[in-house]
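S.K.: My questions concern the predicted model and sequence given below.
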Amino acid sequence: MNQYIKAYITFLKNKKKSSQNTIEAYVRDLSAFEAYLISRGISDITSVEQEDVIGFLMDMKKDELSTATMNRRLASTRSFFKYMVDNNHVIVNPASNLKAPKVVRGEIEYLTIEEIEELLSLPDDSPKGIRDRAIFEVLYGTGILVSELVELTMKDVNMRMGFITCNGQHGKARIVPLGDFAKDALKDYLKNSRPVFVKDKEENDDSIFFVNFMGNGFTRQGLWKIITSYGEKSSINKKLTLQIIRHSFAVHMIENGADLKTLQELLGHEDISATQIYLKFRKNKIKEVYDRTHPRAVSHDDNQEF
């Protein structure tokens, strides 16, 4: 890896105190950028110009990467070169005036309540199954991000008061309540599952809450493999992802009367526009209730004569 990129990653760790998942994302994105530069014969990263960054974007487009991936990689490249400017390694940021591709949101995929119930019934009563059920109950019961779940520590989970503390995407801590089903699953995990995995490891308040077979914290890929394995066992005719559980949480909250501001806070959205994508589900619910309850909403006489 380029020495400047290494220095930037060290800066993120030591100065910015970025999470491990954030650091890993920057490493992936900047490694992809570096690989592109090398393929174009550019070995000196301080000589990169705006045309090179544009070429990087065009190369990703040619490879048919998603707009979300292009968006993230451009943001990582821009952030890296800001660091380079701030430390006098380059004079201008070659990515500063480039607009990231606009992400076009498709239809929101979510699970019905019946499908959620099926998913939660799949794990068995082995230590692994108890842990997996607790993970699913927390994801569905709180709507937190996967990155937030894997970073939860023992002190972040307050079983007595019934809430968890998340640091969030933007470094702002927020309190998220735990429902009874999630609390029961967590109690089962703490009593009958977690001790099997951590064994004789030294533990403290900063120890990772959800652990794998080795007693270590999960990666996103590790959790992705877990839900994929349950997707293969289920009769749910949808691709099971960790994101679909978060969408299900949001949709079911809106359908049952949650206001947009509360949902924004629960999801940890910095901008309420990110939460507004779920508004259509409230409109659908309102129309359904109106049709069911208003005496003149639906005509029941199909043989009216005029």
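M.R.: Thanks, I have the structure now.
S.K.: From residue 209, how far out is the residue lying closest to residue 143 once chain neighbours are set aside?
M.R.: Leaving aside its sequence neighbours, residue 143 sits nearest to residue 249 (CB to CB, 6 or more residues apart in numbering; 3.6 Å). C-betas here are computed from N, CA, C, even on glycine. Counting by CB to CB, to the nearest Å, the gap from residue 249 to residue 209 is 19 Å.
S.K.: Please verify my assumption that residue 145 contacts residue 266.
M.R.: No - Residue 145 is beyond contact range of residue 266, at 11.4 Å (criterion: CB atoms under 8 Å).
S.K.: rewinding a little: helix, strand, or coil at the residue nearest to residue 143?
M.R.: helix (DSSP: H, G, I helix; E, B strand; the rest coil).
S.K.: where does it land on pLDDT?
M.R.: Listed pLDDT for residue 249 reads 96.
S.K.: Isn't it up against residue 142?
M.R.: Yes - under the criterion of CB under 8 Å, residue 249 makes contact with residue 142 at 7.2 Å.
S.K.: from what I can see residue 157 touches residue 186, true?
M.R.: Yes - taking contacts as CB under 8 Å, residue 157 lies within contact range of residue 186: 6.8 Å.
S.K.: So between these two, which is more surrounded?
M.R.: Comparing residue 157 with residue 186 by other CB atoms under 10 Å, the one with more neighbours is residue 186, at 25 against 18.
S.K.: helix or strand for residue 22, which one?
M.R.: Counting by DSSP states H and E, the element that carries residue 22 is helix 20-39.
S.K.: With residue 261 instead?
M.R.: Assigned by DSSP H and E, residue 261 falls in helix 260-267.
S.K.: And for that helix, what's in contact with it?
M.R.: By CB atoms under 8 Å, 6 or more residues apart in numbering, the surrounding residues in contact with helix 260-267 are 142-143, 174, 176, 246, 250, 253-254, 272, 274-276, 278-279.
S.K.: and with 10 Å instead?
M.R.: Helix 260-267 is contacted from outside by 142-145, 168-169, 174-177, 246, 249-251, 253-254, 258, 269-276, 278-279, 282, using CB atoms under 10 Å, 6 or more residues apart in numbering.
S.K.: Filter those down to the buried ones and hand me the ChimeraX line.
M.R.: Entered in ChimeraX, the line below selects the buried ones among those, by 16 or more other CB atoms under 10 Å:
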select :142,143,144,145,168,174,176,246,249,250,251,253,254,269,275,278,282
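S.K.: just for the protein, where's the confidence low?
M.R.: Along the chain, segments meeting pLDDT under 70 span 63-64, 66, 100-106, 168-171, 283-285, 289, 298-306.
S.K.: Recalculate using a threshold of 50.
M.R.: 170, 304-306 (pLDDT under 50).
S.K.: And it, what are its domain boundaries?
M.R.: 3-86, 113-289 (automatic domain parsing).
S.K.: Save the ones you listed as TSV, and put in distance to residue 95 too.
M.R.: Formatted as TSV, the domains of the chain follow (distance: least, CB to CB, whole Å):
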stretch	distance to residue 95
domain 3-86	4
domain 113-289	21
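S.K.: List just the one of those that sits closest to residue 96.
M.R.: Nearest to residue 96 among the domains of the chain is domain 3-86; the distance by CB to CB comes to 6.3 Å.
S.K.: I'd like the distance between the residue nearest to residue 143 and residue 138.
M.R.: Distance from residue 249 to residue 138, counting by CB to CB: 10 Å.
S.K.: what touches both of the two?
M.R.: Going by CB under 10 Å, 6+ apart, residues that sit against residue 249 and also against residue 138 are residue 144.
S.K.: If anything else comes up later, I'll come back, but that's it for now.
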